[in-house]
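Asker: structure for the following, please:
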Amino acid sequence: MELTILGIAAAPIIVALIQLIKTAGMPDRYAPWLNAALSTIAYGVIVLLQNGALDATLVTYTLNVLIIFLTAAGVYDRAQALLTQPAVK
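Answerer: As a prediction, this is how the structure comes out:
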């Protein structure tokens, strides 16, 4: 079963969030716990959406902003890595 929220796969978002938080300084040993917590939150959002307790528009906007943020962080990280690597002679 694939975990999706309004047609958006949750797994890549969770993995990207964990990588971003690890880059910010979280020790690797806490990654499985963070994964469990974020997966539980995602499942809770799915259940609330199915029951009509959550507004789909708000969730859609939140996911879009989160994806844009994660994309920008990834682009920044890659650009920084490219600019700081030594020149090849």
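
Asker: show me what the worst-scoring helix or strand of the chain on mean pLDDT is in contact with.
Answerer: The weakest-scoring helix or strand in the chain, judged by mean pLDDT, DSSP states H and E, is strand 4-5 (a mean of 76). Residues outside strand 4-5 that contact it (C-beta atoms under 8 Å, 6 or more residues apart in numbering): 10, 42, 45-46, 49, 59, 63. Every residue, glycine included, has its C-beta placed from N, CA and C.

Asker: relative to the whole chain's centre, how far out is stretch 52-63?
Answerer: Relative to its chain's centre, stretch 52-63 lies at 16 Å (C-alpha atoms, centre = their mean, to the nearest Å).

Asker: contacts for that stretch next, please.
Answerer: By C-beta under 8 Å, 6+ apart, stretch 52-63 touches 5-6, 8, 13, 45, 48-49.

Asker: middle-most residue in this structure, spatially?
Answerer: For the chain, the residue nearest the mean C-alpha position is residue 13 (3.0 Å; C-alpha atoms, centre = their mean).

Asker: and that residue, what does it touch?
Answerer: Residue 13 neighbours (C-beta under 8 Å, 6+ apart): 42, 63, 66-67, 70.

Asker: residue contacts, residue 26?
Answerer: By C-beta under 8 Å, 6+ apart, the neighbours of residue 26 are residue 34.

Asker: can you give me the buried ones in the helix or strand where residue 36 lies?
Answerer: Secondary-structure assignment from DSSP states H and E places residue 36 in helix 31-51. Judged by neighbour count using 16 or more other C-beta atoms under 10 Å, the buried positions of helix 31-51 are 38, 42, 45-46.

Asker: do the same with stretch 11-26
Answerer: For stretch 11-26, the neighbour count (16+ other C-beta under 10 Å) marks 13-14, 16-18 as buried.

Asker: could you point out the longest helix in the protein?
Answerer: helix 56-84 (DSSP state H).
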